[in-house]
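Enquirer: Return a 3D structure for these sequence lines:
(2 chains)
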Protein chains: 2
Amino acid sequence: MGQYSDLDIQGRILLGPGPSIVPPRVLHALSHPLVGHLDPQFLELMNEVQELLRYVYQTDNPLTIPVSGTGSAGMEAALCNLIEEGDSVLVCVNGYFSTRMYQIAERYTKGVRRLDRTWGTVFTPEDLDRALTKHPAKIVALVHVETSTGTRQPMEGISEVVHRHGALLILDCVASLGGEPVCVDEWDVDLAHGATQKCLSCPPGLAPLTVGPRAMDAIRNRKTPVANWYLDLSGIEHYWGKERTYHHTAPISLNYALREALRLIYIEGLDACFARHRANAEMLWQGLEDMGLQLVVPEEIRPTTLTTVWIPEGVEDLAIRKALQERYNVTIAGGLGDFKGRVWRIGLMGNSSRPQNVLLLLGALQRLIAKARTG
Amino acid sequence: MGQYSDLDIQGRILLGPGPSIVPPRVLHALSHPLVGHLDPQFLELMNEVQELLRYVYQTDNPLTIPVSGTGSAGMEAALCNLIEEGDSVLVCVNGYFSTRMYQIAERYTKGVRRLDRTWGTVFTPEDLDRALTKHPAKIVALVHVETSTGTRQPMEGISEVVHRHGALLILDCVASLGGEPVCVDEWDVDLAHGATQKCLSCPPGLAPLTVGPRAMDAIRNRKTPVANWYLDLSGIEHYWGKERTYHHTAPISLNYALREALRLIYIEGLDACFARHRANAEMLWQGLEDMGLQLVVPEEIRPTTLTTVWIPEGVEDLAIRKALQERYNVTIAGGLGDFKGRVWRIGLMGNSSRPQNVLLLLGALQRLIAKARTG
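Expert: Next up, the predicted model:
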């Protein structure tokens, strides 16, 4: 067993699909002393976190809370609270995380179907209409921004078709919340979930989730308990609600940080925040294309928060990413699943979305690719 | 919607059942900048966290990791990874958290039985022998230190009888790990789980868990997948193991803090740490008895980490606790369930276990009780 030195972490310029760079004020919030999870100071903070989450989700849903786990816990909470064994679920699969939704849903019911589209493409309302006409479903699960492919699902007409077929719509907003508009009420999404370490620029460990009226009804009218205790919203709801009934001990420090991260977005203003994401993304896209690189996804379905680019001929994925990190302290990510070794994933999420980061990355990539090609 | 002021948290002298007072060095670790969850710096830290967790659990179990959720998530992970639908489970119920184990187990199989003992008492090996003779079980779940009652379950002979009946032993170490000896290998416990915010004095949000060889075999030989995706150890194992296969994004900052919290225990040494807990607990017990208060649990099964005391005649639970917090900045807890309004729960856990805290609490309680009685 070794001796353990003082913690010595060199922060990175995080331009991958999350975590993003956490602002100093959020790191400072994290380091505040602890209070009990039923302390009046913490109860007040829980109220503020809920208000601010409603702001970024653009919703009035009363049940809008951070689930005490990472983004995947939020995804599972979304699915397991709506699904009862025997329910039919349609999962729209066009990437790694929509595949994960399918895999999680399968743990809760045998009635899961997948509607597959090529990685890098999205779904039309007509796709959903045809699928639901053929096989009605109680729940439709869809990813807003696919972190594995860098697509943004257009939401026009989606909830209308889902609801016309009597189904509920779950939307994964992990890679969009706080960076791309997520209009839960306007889009009439029944249950949306996200994560803190992407466009909210807060450390990972919480999963913001919001439940609309139809989904609330479905939860209240369940015939069986949720097949999972920790993520059962009927218990969590009363902990975050007026009753404050003890369910579990919330991650107190992470909630300090989440309040501060949300407050920074509130101070900047959502519209200004989205405009900043767009301006920096456009600068990145132009720069990559000027270098002769090809973007994976056409602009009309490309999110501002995450860009995928084909790895050019003659350069090696891992060698470039390693050099980026070791020489320039910049972290980007490789591909997952079908895209492994074929694409790079560049995130300009939350506090990482800064023009200086775009310039640095472009300059570094250009030098490293040129060097790799000349050997 | 309000305007949001700068975060302003007044830390408390936390002498309840958790969270405990987090040392400044751990708060400082929390505030280090983020790196990616597959960054070499974080991979090295994951190895150190696992080594240090083996140290506090006194085990060589390879699979010894922090689950990415709070203590209740760890409890659910312990149960759901071993239970398959149809399995018989015996839960030893003598408090609020053992009741929770029963409730969680019930979500995973119909075959759950409870062996009840009065709150404030513990189980003998003979109790288990009789129960298992009558109704054999695949799994026995037991709480080491019951946070609701302040009992410490003696472990002599327990695993021997469980294993003689061919069952696996799950032990909840949430309120003991890091404060009372937890000897996973010596006691031959098959799966133990804990939490970070009690005797490890780290913020809440992670649940240290260790899996012994029999439980590993049971997990590998499951006929059905775990009925839960997020807590499925077969996925988590490969993320924390050599493969580093992506499962979810670990709560990076909390793992920084956990490493530092464990390192402080390692530097102090487990034996010195346990001796400190004992000395301060004995000082508390003597002081409470000198004030004429009655402890709930006899000394031979009373843990050093958490003390329950009957609320004396003529004083009001909530009024005293409120005054303790508002006048002296000290947090203790009331009772749960059967003990609500009848007991106070005083924790001397981890970094909170200091003689100055004992003196302060005794002095404050004495004044407040005297004042309540004289009106």
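Enquirer: just for chain A, where's the confidence low?
Expert: For chain A, the stretches flagged by pLDDT under 70 are A:1-2.
Enquirer: how about the helices in it?
Expert: Taking DSSP state H, the helices of chain A run over residues A:24-30, A:40-57, A:71-82, A:96-106, A:125-134, A:158-164, A:184-187, A:213-220, A:233-240, A:252-268, A:270-290, A:317-328, A:355-374.
Enquirer: now those helices as TSV including distance to B:Gly178?
Expert: Every residue, glycine included, has its C-beta placed from N, CA and C. TSV is the format used below for those (distance: least, Cβ to Cβ, whole Å):
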stretch	distance to B:Gly178
helix A:24-30	22
helix A:40-57	23
helix A:71-82	25
helix A:96-106	33
helix A:125-134	51
helix A:158-164	49
helix A:184-187	42
helix A:213-220	37
helix A:233-240	26
helix A:252-268	18
helix A:270-290	41
helix A:317-328	35
helix A:355-374	40
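Enquirer: would you list those in JSON lines and tack on distance to B:Glu186 and mean neighbour count?
Expert: As requested, those are exported to JSON lines (distance: least, Cβ to Cβ, whole Å; neighbours: other Cβ atoms under 10 Å in any protein chain shown):
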{"stretch": "helix A:24-30", "distance to B:Glu186": "37", "mean neighbour count": "21"}
{"stretch": "helix A:40-57", "distance to B:Glu186": "38", "mean neighbour count": "19"}
{"stretch": "helix A:71-82", "distance to B:Glu186": "34", "mean neighbour count": "27"}
{"stretch": "helix A:96-106", "distance to B:Glu186": "38", "mean neighbour count": "22"}
{"stretch": "helix A:125-134", "distance to B:Glu186": "57", "mean neighbour count": "16"}
{"stretch": "helix A:158-164", "distance to B:Glu186": "56", "mean neighbour count": "19"}
{"stretch": "helix A:184-187", "distance to B:Glu186": "53", "mean neighbour count": "18"}
{"stretch": "helix A:213-220", "distance to B:Glu186": "45", "mean neighbour count": "16"}
{"stretch": "helix A:233-240", "distance to B:Glu186": "36", "mean neighbour count": "19"}
{"stretch": "helix A:252-268", "distance to B:Glu186": "34", "mean neighbour count": "24"}
{"stretch": "helix A:270-290", "distance to B:Glu186": "55", "mean neighbour count": "17"}
{"stretch": "helix A:317-328", "distance to B:Glu186": "43", "mean neighbour count": "15"}
{"stretch": "helix A:355-374", "distance to B:Glu186": "52", "mean neighbour count": "16"}
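Enquirer: As TSV, those helices with distance to chain B would be great.
Expert: Output for the helices of chain A, formatted as TSV (distance: least, Cβ to the nearest Cβ, whole Å):
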stretch	distance to chain B
helix A:24-30	4
helix A:40-57	6
helix A:71-82	4
helix A:96-106	4
helix A:125-134	23
helix A:158-164	23
helix A:184-187	15
helix A:213-220	16
helix A:233-240	10
helix A:252-268	4
helix A:270-290	12
helix A:317-328	8
helix A:355-374	14
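Enquirer: Apart from its chain neighbours, what residue comes closest to the residue of the stretch 101-250 of chain A found nearest chain B?
Expert: Closest residue of the stretch 101-250 of chain A to chain B, Cβ to the nearest Cβ: A:Gly205 (3.3 Å). Nearest non-adjacent residue to A:Gly205, counting by Cβ to Cβ, 6 or more residues apart in numbering or on different chains: B:Pro251, 3.3 Å away.
Enquirer: I'd guessed that neighbour sits against B:Ala207; true?
Expert: No - taking Cβ atoms under 8 Å as the definition, B:Pro251 is not a contact partner of B:Ala207, at 10.9 Å.
Enquirer: hmm, back to that, for the residue nearest to A:Gly205, grab the count of nearby residues.
Expert: 27 (other Cβ atoms under 10 Å in any protein chain shown).
Enquirer: which ones are touching it?
Expert: Residues in contact with B:Pro251 (Cβ atoms under 8 Å, 6 or more residues apart in numbering or on different chains) are A:70, A:203-205, A:251, A:254, B:68, B:205-206.
Enquirer: B:Val226: which of those residues is nearest?
Expert: B:Ser68 (15.3 Å; Cβ to Cβ).
Enquirer: okay but the closest one is in contact with A:Gly205, surely?
Expert: Yes - taking contacts as Cβ under 8 Å, B:Ser68 lies within contact range of A:Gly205: 7.0 Å.
Enquirer: what residues are shared contacts of those two?
Expert: Joint contacts of B:Ser68 and A:Gly205 (Cβ under 8 Å, 6+ apart) are A:69-70, B:205, B:251.
Enquirer: For A:Glu326, state which of those is nearest.
Expert: Checking the shared contacts of B:Ser68 and A:Gly205 one by one against A:Glu326 (Cβ to Cβ), the nearest turns out to be B:Pro251, at 25.7 Å.
Enquirer: Quick check: the residue of the stretch 101-250 of chain A closest to chain B touching A:Leu254?
Expert: Yes - A:Gly205 is within contact range of A:Leu254, at 4.8 Å (criterion: Cβ under 8 Å).
Enquirer: what touches both of the two?
Expert: Common contacts of A:Gly205 and A:Leu254 (Cβ under 8 Å, 6+ apart): A:196, B:205, B:251, B:253-254.
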